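Participant: I would like the atomic coordinates for the input below:
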Amino acid sequence: MGKKIVDGAYSTMIERLKSDNNPNFFFLTYDKSTFEIRNFLTIPKYFFVPSIIEKRKALSPTARRAGWIGCNIDVSNIPELGKIFFVQNGLVKSKDEVLEKWSKTDFVKATQNIESKGWLLDVLMCVEKIKKEEFSLDDVYAFEGYLKAKHPSNNNVKAKIRQQLQFLRDKGVLNFVGRGQYRMKLKGR
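Facilitator: Residues are numbered from 1 along each chain as shown. I've put the predicted structure just below:
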């Protein structure tokens, strides 16, 4: 599976993300020569926020649907915790493993406001990018510029980072070790 998945109309996708009835997404990859399933995964609907939807260029005036604007789903901006595999690299996951992984994502579902959810998922992505089980607040602060670019109206990015880390701690995703040190509790895989 690549970083981006081509999807339908941009405006329709954004409307669905903001509604209460947006769907969970399922993705399948297979070996074209043997037709064997390589990966089958779901991304729960509550991991979809507008910032992972990329607006494509409008179709040219000479196209059959001139002016139509499609979108791509940027799965590279979805935390690993939100990618629940039934089959991964050709290996079937057990039912218990899938259900356990799904239950670990419930804390995201509880976040109703789409902007707050965006912040939560963005900070979680930053924590995952650190690629260390134990990390410091300064490690996350290193993403301040990235987060400021994603949320330009926020002038207190460091405070927002601390707030999201506290939320992730309270939801059992992270452990606060002390003196600005955290430990990842829930693994994305």
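
Participant: elements contacting the lowest-mean-pLDDT helix or strand in the chain?
Facilitator: Least confident element among the helices and strands of the chain, by mean pLDDT, DSSP states H and E: helix 106-109 (a mean of 87). Secondary structure elements in contact with helix 106-109, counted by 3 or more CB pairs under 8 Å, 6 or more residues apart in numbering; DSSP states H and E, are helix 114-130. (Glycine included, C-beta is placed from N, CA and C.)

Participant: can you rerun that using 6 Å?
Facilitator: Using 3 or more CB pairs under 6 Å, 6 or more residues apart in numbering; DSSP states H and E, no helix or strand is in contact with helix 106-109.

Participant: In it, which residues are buried?
Facilitator: Of the residues in helix 106-109, those with enough neighbours to count as buried (16 or more other CB atoms under 10 Å) are F107, V108.

Participant: With stretch 104-117 instead?
Facilitator: Applying a neighbour-count criterion of 16+ other CB under 10 Å, the buried positions in stretch 104-117 are K104, T105, F107, V108, T111, K117.

Participant: And for stretch 92-103?
Facilitator: Of the residues in stretch 92-103, those with enough neighbours to count as buried (16+ other CB under 10 Å) are K93, V98, K101.

Participant: mind listing the helices for this protein?
Facilitator: 10-18, 95-103, 106-109, 114-130, 137-141, 144-150, 157-170 (DSSP state H).
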